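1. Structure for the following, please:
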Amino acid sequence: MTATSPNAPDAGRRLTHRHADQPLRGIALIVLSTVFLACSDTLAKYLGRTVPPIEIGWIRFLVFVLIMMPVALMSSASSLRSARPKLQVLRGLALVASSTLFISGLQFLPIAEASATSFVAPLFVTALSIVMLGESIGIRRWAASVVGLIGVLIVIRPGSAAFNPAVIFPILSALTWAVTLILTRMISGADRAIVTMTFSALVGFVALSVIVPFVWVTPSWEGIMLGVLVGLASTMGQWIVVLAYRYADASVLAPFTYSQLVWVTFLGFGLFGEVPDVWTFVGAAVIIASGLYTAHRERLRRKQPVAAEPYPSP
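-> Numbering: from 1, shown residues only. Sure, this is the predicted structure:
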């Protein structure tokens with residue numbers, strides 16, 4: 001999964017007015033978060049040799065629940081109450097779908113290729129903003145989205161011998177991640193970040209608990225430990241992302257989220273002997289450039305007056 005937290009943009013909007021003078025701390029935290037998230041993805045790929053993706057996702061969310069519930073209960077009883085519970089449930093389902101689809105893709109694709117492809121999420125956010133938020137998208141953001149799509153095509157090369165149909169998994173993961181982000185924006189004015197994270201943990205765990213008995217494979221003790229590490233690394237990564245947005249704005253941090261591609265490339269080579277070809281790097285560069293420009297346009301959009309409409313055009 002990419003380093004962007006579903007809670008982070010909203011947490012950042014609420015808190016950066018107090019901490020915007022510490023961008024270096026925010027950047028350091030966001031880079032640290034990508035290390036944890038890259039480790040989580042790499043361990044999930046390794047564990048996937050013996051354990052089904054849904055089971056890996058279930059263990060991941062089990063750890064998430066075990067961490068979040070005590071935090072939520074110690075925070076306040078209101079951490080378990082939402083002003084928009086239906087949207088929270090939908091968001092939780094989208095998040096668990098994104099996680100499970102990405103883990104599924106890791107079983108068939110080099111980790112760097114899967115990660116690079118998943119960075120297309122901003123393209124889907126742009127398109128879904130029209131349908132779900134009623135935004136009017138400018139021609140420059142559409143152009144950036146088209147460029148990002150071209151980058152994905154460079155990575156996956158449909159019609160060539162290098163094409164792997166399994167790329168549909170990280171693409172669908174990016175789509176459901178975009179839905180998660182849109183729903184987060186819709187929820188952000190009603191619920192605190194801790195409420196959203198608690199719902200994410202509970203909904204994901206319950207949803208996967210319904211499915212996991214049908215695919216269950218009893219893991220070894222090593223598998224159990226790896227699954228716990230996957231959950232810990234993922235939860236730590238997302239938590240650090242939320243902390244990062246307390247110290248710097250999203251437009252400052254966005255470029256550094258792509259450092260996750262560096263870590264997964266090294267880890268993929270070290271554990272699996274995967275060496276991305278030159279086209280994967282070229283496509284990733286195009287996707288990243290598109291994402292950075294989209295973040296730039298989003299920063300300009302937020303600077304515009306918001307009295308006339310809740311989500312002004314870029």
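2. Can you report how many residues lie near residue 122?
-> For residue 122, the count of nearby residues is 26 (other CB atoms under 10 Å). Placement of C-beta: from N, CA and C, glycine included.
3. Point out the other helices and strands that the host helix or strand of it packs with.
-> Using DSSP states H and E, residue 122 sits within helix 121-133. Under the contact criterion of 3 or more CB pairs under 8 Å, 6 or more residues apart in numbering; DSSP states H and E, helix 121-133 touches helix 139-156, helix 168-187, helix 278-303.
4. Show me what counts as buried in the longest one.
-> This means helix 278-303. The neighbour-count check on helix 278-303 (16 or more other CB atoms under 10 Å) flags 280-281, 283-284, 286-288, 290-298, 301 as buried.
5. Then the first one?
-> Going by neighbour count (16+ other CB under 10 Å), the buried part of helix 139-156 is 141, 144, 145, 147, 148, 151, 152, 154, 155, 156.
6. Identify the residues contacting it?
-> With CB atoms under 8 Å, 6 or more residues apart in numbering as the test, helix 139-156 has contacts from 113, 116-117, 120, 122-123, 126-127, 163-164, 167, 171, 279-280, 282-291, 293-294, 297, 314.
7. need the helices for the chain, in chain order.
-> In the chain, helices defined by DSSP state H lie at 8-19, 23-47, 53-75, 85-106, 111-118, 121-133, 139-156, 168-187, 193-211, 221-244, 250-257, 260-272, 278-303, listed in chain order.
8. Just name the most buried of these.
-> The highest mean neighbour count among the helices of the chain, using mean count of other CB atoms under 10 Å, belongs to helix 111-118: a mean of 28.
9. got the CA positions of that one in CSV?
-> Only the C-alpha atoms of helix 111-118 are listed here, as CSV (Å, rounded to 0.1, in the frame of the first residue of the first chain):
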residue,chain,number,x,y,z
ILE,A,111,6.8,-5.9,-5.5
ALA,A,112,8.3,-2.8,-7.2
GLU,A,113,5.9,-3.2,-10.2
ALA,A,114,2.9,-3.7,-7.9
SER,A,115,3.8,-0.6,-5.9
ALA,A,116,4.5,1.6,-8.9
THR,A,117,1.1,0.6,-10.4
SER,A,118,-0.7,1.4,-7.2
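10. Can you tell me what sits against it?
-> Contact with helix 111-118 is made by 1-2, 38, 41-42, 45, 102, 105-106, 109, 152, 155-156, 167, 169-171, 173-174, 177, 260-261, 264-265, 267-268, 272, 274, 276, 280, 283-284, 287, as judged by CB under 8 Å, 6+ apart.
11. I'd like the helices of the chain laid out as JSON lines, including mean pLDDT.
-> Listed next are these as JSON lines, based on pLDDT from 0 to 100:
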{"stretch": "helix 8-19", "mean pLDDT": "42"}
{"stretch": "helix 23-47", "mean pLDDT": "90"}
{"stretch": "helix 53-75", "mean pLDDT": "89"}
{"stretch": "helix 85-106", "mean pLDDT": "93"}
{"stretch": "helix 111-118", "mean pLDDT": "88"}
{"stretch": "helix 121-133", "mean pLDDT": "79"}
{"stretch": "helix 139-156", "mean pLDDT": "80"}
{"stretch": "helix 168-187", "mean pLDDT": "89"}
{"stretch": "helix 193-211", "mean pLDDT": "90"}
{"stretch": "helix 221-244", "mean pLDDT": "89"}
{"stretch": "helix 250-257", "mean pLDDT": "71"}
{"stretch": "helix 260-272", "mean pLDDT": "88"}
{"stretch": "helix 278-303", "mean pLDDT": "77"}
